[in-house]
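# I would like to see how this sequence folds:
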Amino acid sequence: MPPNKPRIAQRVSDLPSSGIRRFFDLVEQMPEAISLGIGEPDFVTPWRIREAAVYSLERGHTHYTPNMGIQELREELSAYLARRFGLSYDPGRELLVTVGASEAIDIALRTLLEPGDGVLIPEPCFVSYPACTLLAGGRPIPVPTTAAHEFRVRAEDLAAAWDERVVALLMGYPNNPTGAILPAEDMAAVMRFADERGLLVISDEIYAELTYDGPHVPAACAPGGRERTILVGGFSKAWAMTGWRLGFAAGPAEIISAMTKVHSYTVMCTPTTAQEAAVEALRAGDEEVARMRREYNHRRRVVVNRLNAMGLECFEPKGAFYAFPSIARTGLSAEGFAERLLREQQVAVVPGTAFGASGEGFVRCSYATSMALLEEALSRIAAFVQGLGR
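Here you go, the predicted model:
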C-alpha cells in the first residue's frame, strides 16, 4: 500500500507562487547584489513611534484588545481620515484594525464573495489580489491598463471586462507596481460605473500618503462612493512600519461588522504594542511622513530621469515608491531582463509579469532605498543595457 500523502486543497495547489518571492530567494544567494525589488521603506520607524511601543510594554500592556482594535486607535483613525480626506467614519461601527492592509483585503473578499463571483482587478496589480480572490472562492477578472493612459483604469476598460456574475471591484491607487494615481475625475467615472453595476469596491490605499503632485483622492470621496467602498489603509509604507503588521478597513457598518466576525475567528485582534505605537504615529507622525515623502520624491526624479536617459522609457510615477520602466527596446521578456540583470550586474528588479500579464515588457524598480545604492544600481543597469546594444 502506498504511503499516505498530505491532502492539499486543489485551489491551493493551483495557486501560482509569487513572482516577487522567487527573485528575493535569488538575491539571498548573492550578498553583493543591490535589490530594487522589495516594496519596503529603507527608513527605520520614527523614534517617537518606537518609544510609544516601548512605553506600552513597560506599562505591561500585553493582553488581548477588542476585536476591532483599541478604542483610542479607532478614534485617532477616524480623526485622521476626517482631517486628511474629509471622510467621516464612526470609530465604534465603521472602522476595523487589521493585521496589515493585506488582512483587510483578504477578509473583505471572504466576507463579500459567494463561490464563482467575479472581481474586476485592474492590472498590473499587487500580487495578492488575484490570489486572495481565488482563495475566497471568487474569479479574478484582470482589467489591463497601459502606459499610454498612465496605467489609469477607465470605466470603459471595466465595462469591457464585466459580466453578470461580477460583484466587486478591487483596485489599488496609488498603484503598486506602476506608481500610477487615479485623479478625481477618473475616480468619479470609475465609481459611477460601480454604482451603475451595483458593485462593491475594495480600494487599497496603503500608499495614500505617498503622492507627489497633490493630495490623494480616496475612492470613498467620489459621489456616492462612501456607501459602496471598503477603504483599506495601513501604517507600513508612509510611517515605515512594515514589520509592525498594522492596517485598517473603513466602510459601511454592516460590512465592517461582518468583516470583524471573520477577523475575530482568524486572528482575534492585532498586536497590542503595534496598536499603541500607531496611536502615536497618527498623533505626531505628520512631520516624519512629510520628511520621508520629500526624500522619496527626490529619489523618484533621479530614478526616472536616469532610466529615460539610458533608453528605458519610464512613465512618471505620481505615487508610491516604484518606477515601472519599459524594457521593450531590449528585445528581452520581463523575466529574461530581470534574470540576466541579476546574474550579470547583480541588481534585482521584479519582472512586470509578477503583477499580471499586462506587466509584460516592464520591470518594477523600487526607489525605497538609499541614494548611494540607487546611483550604483542605476549605473549597473545602464551598463547592462549598453552591453545588450553591442
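
# where exactly do the strands run in the chain?
Along the chain, the segments classed as strands by DSSP state E run 34-35, 95-98, 118-123, 139-144, 166-172, 200-204, 229-234, 247-250, 322-323, 347-348, 350-351, 363-366.

# and the fourth one, how far from the chain's centre?
With CA atoms, centre = their mean, to the nearest Å as the basis, the distance from the averaged C-alpha position of strand 139-144 to the chain average is 17 Å.

# buried residues, it. List them.
139-144 (16 or more other CB atoms under 10 Å). In short, each C-beta sits where N, CA and C put it, glycine included.

# now for that strand, which elements pack on it?
strand 118-123, helix 128-135, helix 155-161 (3 or more CB pairs under 8 Å, 6 or more residues apart in numbering; DSSP states H and E).

# highest average neighbour count across the ones you listed?
Highest mean neighbour count of these: strand 118-123, a mean of 25 (counted as mean count of other CB atoms under 10 Å).

# what sits up against that one?
Residues from elsewhere that reach strand 118-123 (CB atoms under 8 Å, 6 or more residues apart in numbering): 109, 113, 129-130, 133, 138-145, 153, 157-158, 161-163, 165-171, 199, 355-359.

# for it, the averaged confidence score.
In this model, strand 118-123 carries a mean pLDDT of 98.

# could you give the angle of that strand to strand 166-172?
When axes from the mean of the first three to the mean of the last three CA atoms, to 10 degrees is applied, the directions of strand 118-123 and strand 166-172 differ by 20 degrees.

# which pLDDT value belongs to residue 34?
For residue 34, pLDDT reads 93.

# on that earlier part again, pipe the strands of the chain into CSV and attach distance to residue 387 per row.
Formatted as CSV, the strands of the chain follow (distance: least, CB to CB, whole Å):
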stretch, distance to residue 387
strand 34-35, 17
strand 95-98, 46
strand 118-123, 31
strand 139-144, 31
strand 166-172, 35
strand 200-204, 38
strand 229-234, 40
strand 247-250, 42
strand 322-323, 21
strand 347-348, 13
strand 350-351, 19
strand 363-366, 17
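
# so residue 219 versus residue 97, what's the distance?
20 Å (CB to CB, to the nearest Å).

# same check on residue 355?
Note on residue 355: its distance to residue 97, by CB to CB, is 28 Å.

# likewise for residue 181?
As for residue 181, its distance to residue 97 is 26 Å (criterion: CB to CB).

# quickly list the domain ranges of this structure.
Listed by automatic domain parsing, the domain ranges of the chain are 15-45+287-388, 47-284.

# where among those domains is average confidence lowest?
Lowest mean pLDDT within the domains of the chain: domain 15-45+287-388, a mean of 93.

# isn't residue 304 up against residue 317?
Yes. If you go by CB atoms under 8 Å, residue 304 and residue 317 touch, sitting 7.2 Å apart.

# okay, these two: which has more neighbours?
Neighbour count, other CB atoms under 10 Å: between residue 304 and residue 317, residue 317 has more, with 28 against 21.

# which one is that one nearest to, not counting chain neighbours?
What sits nearest to residue 317 in space, not counting adjacent residues and going by CB to CB, 6 or more residues apart in numbering, is residue 179, at 2.2 Å.

# which of the helices and strands packed on strand 139-144 sits closest to residue 369?
Of all these, helix 128-135 sits nearest to residue 369, with 22.3 Å by CB to CB.

# so what secondary structure elements neighbour the closest one?
For helix 128-135, the elements it packs on are helix 10-13, helix 100-112, strand 118-123, strand 139-144, strand 166-172, judged by 3+ CB pairs under 8 Å, 6+ apart.

# contact partners of the shortest one?
Counting by CB under 8 Å, 6+ apart, the neighbours of helix 10-13 from elsewhere in the structure are 134-135, 137.

# mean confidence (pLDDT) on that helix, please.
For helix 10-13, mean pLDDT rounds to 86.

# gap between that helix and the chain center?
24 Å.

# swap in the third one?
Using CA atoms, centre = their mean, we find the averaged C-alpha position of strand 118-123 to lie 15 Å away from the chain's own average C-alpha position.

# could I get the CA-only coordinates of that strand as CSV?
What follows is strand 118-123 as a C-alpha-only set of coordinates in CSV (Å, rounded to 0.1, in the frame of the first residue of the first chain):
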residue,chain,number,x,y,z
GLY,A,118,-16.3,37.8,-10.3
VAL,A,119,-14.0,40.5,-9.1
LEU,A,120,-12.7,43.1,-11.5
ILE,A,121,-9.0,43.8,-10.9
PRO,A,122,-7.1,46.5,-12.8
GLU,A,123,-3.6,45.2,-13.8
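
# can you tell me the strand partners of that strand and which way each runs?
According to DSSP bridges, strand 118-123 has the following sheet partners: strand 139-144 (parallel), strand 166-172 (parallel).

# what angle sits between the first one and helix 100-112?
Angle of strand 139-144 versus helix 100-112, following the same axes, to 10 degrees, is 120 degrees.

# let me have the domains of the chain in a markdown table, extended by distance to residue 9.
Formatted as a markdown table, the domains of the chain follow (distance: least, CB to CB, whole Å):
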| stretch | distance to residue 9 |
| --- | --- |
| domain 15-45+287-388 | 9 |
| domain 47-284 | 9 |
